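> need coordinates for the below:
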Amino acid sequence: MNNLKAILLMGVLSVILIAIGGAVGGPRGATIFLLISLAMNFFGYFYSDKMAIAMTGSQPISEQEAPELYDIIRKLTRRAGLPMPKVYITPSQQPNAFATGRNPQHAAVAVTEGLLYLCDRDELEGVLAHELAHIANRDILVSTIAATFAGAITWIANVVQWGAMFGGFRGDDEEGGGIGALLLAIIAPIAATIVQLAISRSREFGADELGARIAGTPDGLANALLKLERAAHHIPMQVNPAASHMFITNPLSAQSVAKLFSTHPPIEERVRRLRQMRF
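Numbering: from 1, shown residues only. I've put the predicted structure just below:
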């Protein structure tokens, strides 16, 4: 099912890219952006994990540098029947984490510096089990492709907006008018965000449930989610908004615009469901 979602997602986001190309440069622009979307589909599938890691500024961390982190992940992967993922550290004091990759054999888990500082072992196990659940559920390909495409669409739309403002896209009707390009450049990031919303909310509940079972208890994850939610309102995180849906809690929740396009279900609802779980 998630493989089908990934194919549909790549199709929808490719259409958005081609529409931008058509608005900017007419049929010629649409053709160019079609070629760009095909290239992005290829690189998005095979190298999406590297793109996501780059978008968040994460760096690899060795077992010698973080022995407890590796110990927890190794224990949880055995329980979940998963291969050991690559491990990264994200340079942010906001406590958070995400998983990426196209399948369990090519997966990576990244945690922020703040997560290691704020959470105790049980809470850290809960968070990491949640991320491993995303890998087990094969959510990571869909979310990583969404981040890659949404980031590209947002960047291209910003270029088009600035170009239209300074007269860089003054063409005739056949080549795409500046007003149409500007309007589409404004709409495109919103469309990409809506696609992100469609794939993110329900999968978080699924990862919470499976993560609690992998950890052996829902308490660590529930307590961690409450801590992470509070911290996100006080500790900013410099991250590309296109990658925000990959994190266990919304890293942009302190920003008012994030509430309008939240890619995560309410923490209160997630915690309530976890507290009701029985083993």
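> where are the low-confidence patches of the stretch 51-200 of the chain?
In the predicted model of the stretch 51-200 of the chain, residues 144, 147-148, 150-151, 157-200 satisfy pLDDT under 70.
> which stretches of the stretch 1-150 of the chain form helices?
With DSSP state H, counting those that start in this stretch as the criterion, the stretch 1-150 of the chain has helices at 2-56, 67-80, 113-118, 121-136, 140-165.
> for those helices, which one sits closest to residue 209?
helix 121-136 (7.8 Å; CB to CB). Just so you know, the C-beta spots here come from the backbone N, C-alpha and C atoms, and that holds for glycine as well.
> does anything pack onto that closest one? Which helices or strands?
helix 67-80, strand 97-101, strand 107-112, helix 113-118, helix 178-215, helix 219-232 (3 or more CB pairs under 8 Å, 6 or more residues apart in numbering; DSSP states H and E).
> what sits up against the first one?
Around helix 67-80, the neighbours that count as contacts under CB atoms under 8 Å, 6 or more residues apart in numbering are 61, 63, 83-85, 87, 109, 111, 116, 121, 124-125, 128-129, 132-133, 136, 214-216.
> by how many degrees do it and strand 107-112 diverge?
140 degrees (axes from the mean of the first three to the mean of the last three CA atoms, to 10 degrees).
> pull out the buried residues from helix 67-80.
For helix 67-80, a neighbour-count test (16 or more other CB atoms under 10 Å) marks 69, 70, 72, 73, 76, 77, 80 as buried.
> so for stretch 13-23, what's the average pLDDT?
Per-residue pLDDT over stretch 13-23 has a mean of 76.
> buried residues in it?
Those would be 13, 14, 16, 17, 18, 19, 20, 21, 22, 23, for stretch 13-23 by 16+ other CB under 10 Å.
> a markdown table for these, including distance to residue 230?
Rendered in a markdown table, the data for those read as follows (distance: CB to CB, whole Å):
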| residue | distance to residue 230 |
| --- | --- |
| 13 | 34 |
| 14 | 39 |
| 16 | 35 |
| 17 | 38 |
| 18 | 42 |
| 19 | 40 |
| 20 | 39 |
| 21 | 43 |
| 22 | 45 |
| 23 | 43 |
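> which among those residues gets closest to residue 276?
Taking CB to CB as the measure, residue 276 sits nearest to residue 13 out of the buried residues of stretch 13-23, at 35.9 Å.
> quick one, what contacts residue 137?
Counting by CB under 8 Å, 6+ apart, residue 137 has contacts 2, 203, 206, 207, 210.
> try 6 Å
residue 206 (CB atoms under 6 Å, 6 or more residues apart in numbering).
> spatially central residue for this structure, please.
residue 246 (2.6 Å; CA atoms, centre = their mean).
> so residue 240 touches residue 55, yeah?
Yes - using CB atoms under 6 Å, residue 240 is in contact with residue 55, at 4.7 Å.
> returning to that earlier point: how about the residue nearest to the centre of the chain, nearest residue that isn't a chain neighbour?
For residue 246, ignoring the flanking residues on the chain, the nearest one in space by CB to CB, 6 or more residues apart in numbering is residue 98 at 4.1 Å.
> nearest to residue 50 among the buried residues of helix 67-80?
Using CB to CB, the buried residues of helix 67-80 come closest to residue 50 at residue 73, 19.7 Å.
> coming back round to it: and residue 277, which of the helices and strands packed on helix 121-136 is closest to it?
Across these, residue 277 has its closest neighbour in helix 178-215 (5.7 Å, CB to CB).
> picking up where we left off before, with distance to residue 91 added, can I get the helices of the stretch 1-150 of the chain in JSON lines?
As requested, these are exported to JSON lines (distance: least, CB to CB, whole Å):
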{"stretch": "helix 2-56", "distance to residue 91": "9"}
{"stretch": "helix 67-80", "distance to residue 91": "15"}
{"stretch": "helix 113-118", "distance to residue 91": "6"}
{"stretch": "helix 121-136", "distance to residue 91": "18"}
{"stretch": "helix 140-165", "distance to residue 91": "18"}
